[in-house]
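Visitor: only geometry, no sequence info:
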């Protein structure tokens, strides 16, 4: 085994991946059950807010998490994000009104506003530059392992033990993730102590303009994810699939499969080439999902979409890090994650509005998602045109 491989596969790297698995399982296991839970509370018409409020808070918190990641350290920011999962999941059973539920969803979004930003920065700190795409691909595998197992386990726990037990187990899993994080060695060399002044952002601290190009692509391709999170639980039941989380298990399983080689592929062939291929595959997969009329077709579409996203994601985040200055790594990653939240949030809102609790509208939601994803190809062509002319972004 060469030195670069030893440097990549360290104990801390694998512990971070394990923490990521548990973190992702914690917040994803509750998602398939939330639409019905909100309906039971009397808030059926607010289904689109389940994801949108979560992503709104995540997006708002990204500039803060980016700055704190670059100042107080990667690990404290990861712990803060995971702590929101612990507290919010534990409190869901006590929120018996629509307003209380939606307020908790709003605060729950801080979890993904903090944890992924700092996790990605930590990985970029501790791996060789030449294998950055591969490392982020493996990190993505850990994310998707949690996201794959979480929904199916959450639905199973709800069916067998009830939804409140599922919420409590979600909280416990997040707590274990924090315990693992506390054993990691901080990777940021020049740290400062947390002070209230650090929470005051200047104009140039909200986004990193070096990350605009990957961020724009992320907005377009993650629009579909907001739509899927919103309508797939209902579409699964409509097509005879009792476990509302099983679609996401197939989705993430195939995302894991493609991430095993996609990150390394982008290290060798180039980020943009791999991203273009992934977008084309995603558009075709979404069109297949749009006209799924049987359960097996829904699951097959989930496999294809997951495979496509799994190819695109490591390349996009590696592209972001490649373009950023080392001292602004957290801010650059936060910029791309803001775009991710914008894409998911808009997708959830528009999908809920188009769907309108009418199964006849399933195809409209996914057709729109395919069209929005196609716009990423158009944007990359525009980006390439400006690059050839030597223009900045």
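Guide: That came through, no problem. Predicted, not measured: the structure shown is a model, and the values here were computed from it.
Visitor: which residue is the nearest non-sequential neighbour of residue 272?
Guide: residue 380 (6.4 Å; Cβ to Cβ, 6 or more residues apart in numbering). Placement of C-beta: from N, CA and C, glycine included.
Visitor: so the one you found touches residue 275, yeah?
Guide: Yes. Applying Cβ atoms under 8 Å, one finds residue 380 in contact with residue 275, separated by 7.0 Å.
Visitor: with neighbour numbers in mind, choose between those two.
Guide: For the pair residue 380 and residue 275, the greater number of neighbours falls to residue 275 (23 against 18), based on other Cβ atoms under 10 Å.
Visitor: for residue 304, see how far away the more buried one is.
Guide: In this view, residue 275 and residue 304 are 17 Å apart by Cβ to Cβ, to the nearest Å.
Visitor: same check on residue 288?
Guide: 6 Å.
Visitor: again with residue 205
Guide: Plainly put, residue 205 is 39 Å away from residue 304 if you go by Cβ to Cβ.
Visitor: and the two? Which one has more around it.
Guide: For the pair residue 205 and residue 304, the greater number of neighbours falls to residue 304 (19 against 16), based on other Cβ under 10 Å.
Visitor: what about the more buried one, which helix or strand?
Guide: With the criterion set as DSSP states H and E, the secondary-structure element containing residue 304 is helix 295-323.
Visitor: what packs against that helix?
Guide: Helix 295-323 sits against helix 110-126, helix 132-161, helix 212-238, helix 246-269, helix 271-290, helix 329-355, with contacts defined as 3 or more Cβ pairs under 8 Å, 6 or more residues apart in numbering; DSSP states H and E.
Visitor: mind redoing it with 7 Å?
Guide: Helices and strands touching helix 295-323, by 3 or more Cβ pairs under 7 Å, 6 or more residues apart in numbering; DSSP states H and E, are helix 132-161, helix 212-238, helix 246-269, helix 271-290, helix 329-355.
Visitor: need the residues touching each of residue 380 and residue 275.
Guide: Common contact partners of residue 380 and residue 275 (Cβ atoms under 7 Å, 6 or more residues apart in numbering): residue 217.
Visitor: contacting residues for residue 85?
Guide: In this structure, residue 85 makes contact with 23, 26, 27, 111, 174, judged by Cβ under 7 Å, 6+ apart.
Visitor: kindly report the same for residue 49.
Guide: residue 102.
Visitor: over to residue 64?
Guide: Residues in contact with residue 64, defined by Cβ under 7 Å, 6+ apart, are 199, 201.
Visitor: what do you get if the cut-off is 8 Å, keeping everything else the same?
Guide: 113, 199, 201 (Cβ atoms under 8 Å, 6 or more residues apart in numbering).
Visitor: by how many degrees do the helix holding residue 304 and helix 246-269 diverge?
Guide: Following axes from the mean of the first three to the mean of the last three Cα atoms, to 10 degrees, one obtains 40 degrees for the angle between helix 295-323 and helix 246-269.
Visitor: okay, buried residues for helix 295-323 please.
Guide: Applying a neighbour-count criterion of 16 or more other Cβ atoms under 10 Å, one finds 295, 298-323 buried in helix 295-323.
Visitor: ok, stretch 168-183 next?
Guide: Burial within stretch 168-183, assessed by neighbour count using 16+ other Cβ under 10 Å, is assigned to 168, 169, 170, 171, 173, 174, 175, 176, 177, 178, 180, 181.
Visitor: among the residues you listed, which are in helices?
Guide: In helices, defined here by DSSP state H, the members of the buried residues of stretch 168-183 are 168, 169, 170, 171, 173, 174, 175, 176, 177, 178, 180, 181.
Visitor: contact partners of stretch 124-135?
Guide: The contact list for stretch 124-135, computed with Cβ under 8 Å, 6+ apart, reads 4, 7-8, 10, 12-13, 74, 123, 136, 187-188, 262-267, 271, 314-315, 318, 321-322, 329.
Visitor: same check on stretch 23-32?
Guide: Under Cβ under 8 Å, 6+ apart, the answer for stretch 23-32 is 50-51, 81-82, 85, 89, 92, 108, 111-112, 115, 142-147, 149-151, 153-155, 157, 166-167, 169-171, 173-174, 177, 229, 233, 243-245, 248.
Visitor: quick revisit: out of the helices and strands packed on helix 295-323, flag the one nearest residue 39.
Guide: helix 212-238 (10.0 Å; Cβ to Cβ).
Visitor: so what's residue 140 closest to, chain neighbours aside?
Guide: Once flanking residues are discounted, residue 140 sits nearest to residue 259: 4.5 Å by Cβ to Cβ, 6+ apart.
Visitor: wait, isn't that neighbour in contact with residue 312?
Guide: No. Using Cβ under 8 Å, residue 259 and residue 312 do not qualify as a contacting pair, with a distance of 10.0 Å.
Visitor: in this structure residue 352 contacts residue 44, no?
Guide: No. With contact defined as Cβ under 8 Å, residue 352 and residue 44 do not form a contacting pair (10.5 Å).
Visitor: so which of those two has more stuff around it?
Guide: Set side by side, residue 352 and residue 44 give different neighbour counts by other Cβ under 10 Å, the larger being at residue 352 (24 against 13).
Visitor: which residues touch that one?
Guide: The neighbours of residue 352, taking Cβ under 8 Å, 6+ apart as the test, are 47, 48, 49, 230, 231.
Visitor: kind regards, and thank you for your time.
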